[in-house]
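> Need coordinates for the below:
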Amino acid sequence: MSRQLAGTGTLLRFALRRDRVMLPVWVAVNALMVLSMPNTLKTLYATPAQRADLRHQMAGNASLRAMVGPVFDDSLGALTAWRVGVYAGALAAVMSLLVVVRHTRDEEESGRQELLSSGAVGRRAPLTAALLAAAVANTALCVLIVAGLAGQGTAGALAFGLGVAGAGMVFATAAAIVAQLTESARLARGLTAAVLGAAFVLRAAGDSASSDGSSVLTWLSPLGWLENLRAFAAERWWVLLLFVAAAALQAFLAYALAGRRDIGMSFLPTRPGPAAGRLGTAGALAWRLQRGSVLGWSIGFFLAGVVYGGLTDGAARLVGDNAQAREIFQRMGGQSGLTDAFLAAMVGMLGLVAALYIVSSVLRLNGEESSGRAEPVLAGAVGQLRWAAGHLLIAFGGSALIMLLAGLGFAVGYGRQIGPVLGACLLQVAAVWVIGGLAVLLHGVLPRGATAAWGVAGAALLIGWIGPALNVPRAVLDLSPFGHLPKLPGGHLDWTPVGVLLALAALLVAGGLAGLRRRDLAG
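The predicted structure is shown next:
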């Protein structure tokens, strides 16, 4: 067995060095989201009576339970676990699946793993190193959560930290299995993300049906296990065994599969050609490569619009006369009525998430270059700008499409103010395109540092999500392009900042394309 794991330590150090920026950012953003919540909740619900009233209202609000889960106690620690537990677990899961796929299937697809394996590297060393890298990140996240929430109760903080890390490792080992089954890193990430989405839907359906997390659907989801751990509310320590058992079983299966295939092969190989349909242009090829992603994001945004639209009336009732909660919604969504402010805040949140889509779509250019797949395309009668334009059309047009579908989802879920809400969703596109323009500029001018675009999108998400709750200065909020958009519906529509953002996006894209045209491929 030692020969099978030879070189694991070296590969682990290499993986951590490659991810020395990405992993700390993921861990810090997740930890900051969790650790900022107790003070926010203390501001919103200052007295025990207010917190008890919140718990009582949540027990009868099925739509909001579907969004954030049930409340098991009215202490600040329990309310923190309730408010951010599901999302902290989901972020840990996304971080973990990206790490595992990056250091397994991505390495095989690029051909680098074959070179490494020609040396003194064991057969199962790459998979082990990838899982250990995910474990290091989740351990760091657990330590930060436990240290930051210890003041709310040591036992609850330990349970919550272990639960979040456990959720991350369950999806890390799930990604390890999928990486053995598929031949494409992109497909591996997509399938594992689909499993995470299914886990979220199961938990939401179970929580909407039950106010105490006892639904069978909730127990079928690892995110449901996290809330049923009941951190800060008479902890159920035995629930941690579910995370351990699931991660161990999935890791065993991943190792078994890894030992039964050759490097670069998979159990579900890509279907050989000829491809159906026409691929006569660079744009058609780009669409073929990205259509699955566009479809997935489109469905997700439409469903998110339906869910948030359906939550609007319930959220307004929950906030009620709470002046602090109303103030946060108004900082996020404008100084209009509470319902309009909530709608504007939710539309803004979807715009922030759309920035992640456009970055991933633009950086597909970077992946095509670094993997060597762009070179055969450009060897023909296709120029760099035509090749890039096909991907950028999908990136920028796709972001507009998903925001349009989000607006249609709001129309289905809320059923009122269809025109204003749809317009508010489309206005977000101006800020989303600025983030996309920055990604294009980085790819064109500094291809090896293009992944820094993820940091830009993450910073915008962090400012827009946590900034209003922490009442950060307006100068900080204005660092994000989303901070300059009109707060619609309900606010005043000023076209000047929208025009400035669109012009800035155009300049960034032009600069990126100029840089791309003046340099060689980055393979």
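> Dihedrals phi and psi, T182?
When quoted as degrees, to the nearest 10, the phi and psi of T182 stand at phi -100, psi 160.
> ok now do it, which residues does it touch?
105, 188, 191, 266, 268 (Cβ atoms under 8 Å, 6 or more residues apart in numbering). All C-beta spots, glycine's among them, are computed from the backbone N, C-alpha and C.
> now for the longest helix belonging to the chain, which elements pack on it?
Ordering each helix of the chain by length in residues (DSSP state H) puts helix 282-319 first. Using 3 or more Cβ pairs under 8 Å, 6 or more residues apart in numbering; DSSP states H and E as the contact test, the elements touching helix 282-319 are helix 48-59, helix 62-68, helix 185-209, helix 323-333, helix 338-362, helix 364-370, helix 384-414.
> any idea which element the residue of the chain most remote from its centre lies in?
The centre of the chain is farthest from one residue, A381, which by Cα atoms, centre = their mean lies 37.5 Å away. Assigned by DSSP states H and E, A381 falls within no helix or strand.
> What of P126?
P126 belongs to helix 125-149, assigned by DSSP H and E.
> I'd like the distance from that helix to the chain centre, please.
Helix 125-149 sits 18 Å away from the centroid of its parent chain (Cα atoms, centre = their mean, to the nearest Å).
> list the buried ones in it?
Within helix 125-149, the residues scored as buried using 16 or more other Cβ atoms under 10 Å are 125-138, 140-142, 144-146, 148-149.
> Which SSE is immediately downstream of that helix?
With secondary structure assigned by DSSP H and E, helix 125-149 is succeeded by helix 154-181.
> Show me what that next one is packed up against.
helix 22-35, helix 76-102, helix 125-149, helix 185-209, helix 222-228, helix 240-258.
> The last one to helix 154-181, inter-axis angle?
Think helix 240-258. Taking axes from the mean of the first three to the mean of the last three Cα atoms, to 10 degrees, one finds helix 240-258 and helix 154-181 inclined to each other by 20 degrees.
> now do the second one
With the same axes, to 10 degrees defining the directions, helix 76-102 sits at 20 degrees from helix 154-181.
> Let me know the angle separating helix 76-102 from helix 48-59.
50 degrees.
> The helix or strand following helix 76-102: which residues count as buried?
Beyond helix 76-102 on the C-terminal side, the first helix or strand identified by DSSP H and E is helix 105-110. By neighbour count with 16+ other Cβ under 10 Å, helix 105-110 contains the buried residues 105-110.
> Please state the offset of helix 105-110 from the chain centre?
Relative to the centre of its chain, helix 105-110 is centred 22 Å away, using Cα atoms, centre = their mean.
> how far off helix 22-35 does the helix holding P126 point, in degrees?
30 degrees.
> I'd like to know which elements helix 125-149 is packed against.
helix 8-18, helix 22-35, helix 76-102, helix 112-117, helix 154-181, helix 240-258.
> would a markdown table of those with mean neighbour count be doable?
Compiled in a markdown table, the helices and strands packed on helix 125-149 are given as follows (neighbours: other Cβ atoms under 10 Å):
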| stretch | mean neighbour count |
| --- | --- |
| helix 8-18 | 17 |
| helix 22-35 | 19 |
| helix 76-102 | 26 |
| helix 112-117 | 15 |
| helix 154-181 | 26 |
| helix 240-258 | 17 |
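> I'd like those laid out as a markdown table, including distance to A506 and mean pLDDT.
A markdown table is the format used below for the helices and strands packed on helix 125-149 (distance: least, Cβ to Cβ, whole Å; pLDDT from 0 to 100):
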| stretch | distance to A506 | mean pLDDT |
| --- | --- | --- |
| helix 8-18 | 33 | 86 |
| helix 22-35 | 28 | 88 |
| helix 76-102 | 31 | 90 |
| helix 112-117 | 36 | 68 |
| helix 154-181 | 37 | 94 |
| helix 240-258 | 46 | 94 |
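> Which one of these lies nearest to G415?
Of all the helices and strands packed on helix 125-149, helix 76-102 sits nearest to G415, with 26.5 Å by Cβ to Cβ.
> That closest one vs helix 8-18, what angle?
110 degrees.
> how far off helix 185-209 does helix 76-102 point, in degrees?
Going by the same axes, to 10 degrees, helix 76-102 makes 160 degrees with helix 185-209.
> Max pairwise distance over the buried residues of helix 105-110: which two?
R105 and S110 (9.6 Å).
> Now do the phi/psi pair for L493.
phi -80, psi 110.
> Report the contact partners of it.
Counted by Cβ under 8 Å, 6+ apart, L493 has contacts P486.
> and I358, what does it touch?
Here I358 is in contact with 395-396, 398-399, 432-433, 435-436, 439 (Cβ under 8 Å, 6+ apart).
> thinking again about what came up before, between the buried residues of helix 105-110, which is nearest M349?
Looking across these and measuring by Cβ to Cβ, the closest to M349 is D106, at 29.5 Å.
> if I look at the spatially closest residue to that closest one that is not a sequence neighbour, how far off is R105?
Leaving out its chain neighbours, the residue that sits closest to D106 by Cβ to Cβ, 6 or more residues apart in numbering is A185, at 4.2 Å. Using Cβ to Cβ, to the nearest Å, A185 is found at 4 Å from R105.
> For those two, list the residues in contact with both.
The contact lists of A185 and R105 share A179, where a contact means Cβ under 8 Å, 6+ apart.
> coming back round to it: around the residue nearest to D106, how many other residues sit close by?
Applying other Cβ atoms under 10 Å, we find 20 residues neighbouring A185.
> That one contacts R112, doesn't it?
No. The criterion here is Cβ atoms under 8 Å, and A185 misses it with R112 at 11.9 Å.
> picking up where we left off before, and M403, which of the helices and strands packed on helix 154-181 is closest to it?
helix 185-209 (19.2 Å).
> helices or strands next to the closest one in the packing?
helix 62-68, helix 76-102, helix 105-110, helix 154-181, helix 216-219, helix 222-228, helix 282-319.
> and the shortest one, how far out from the chain's middle?
Read that as helix 216-219. 23 Å.
> Would you indicate which residues of that helix are buried?
217-219.
> A174: which of those is nearest?
Nearest member of the buried residues of helix 216-219 to A174, counting by Cβ to Cβ, is W219, at 17.3 Å.
> Quick check: the closest one vs V164, distance?
18 Å.
> Same question for T312.
Counting by Cβ to Cβ, the gap from T312 to V164 is 29 Å.
> Name the spans of this structure whose pLDDT lies under the cut-off.
1-2, 63, 113-119, 121-122, 262-267, 269-280, 313-338, 371, 467-472, 522-523 (pLDDT under 70).
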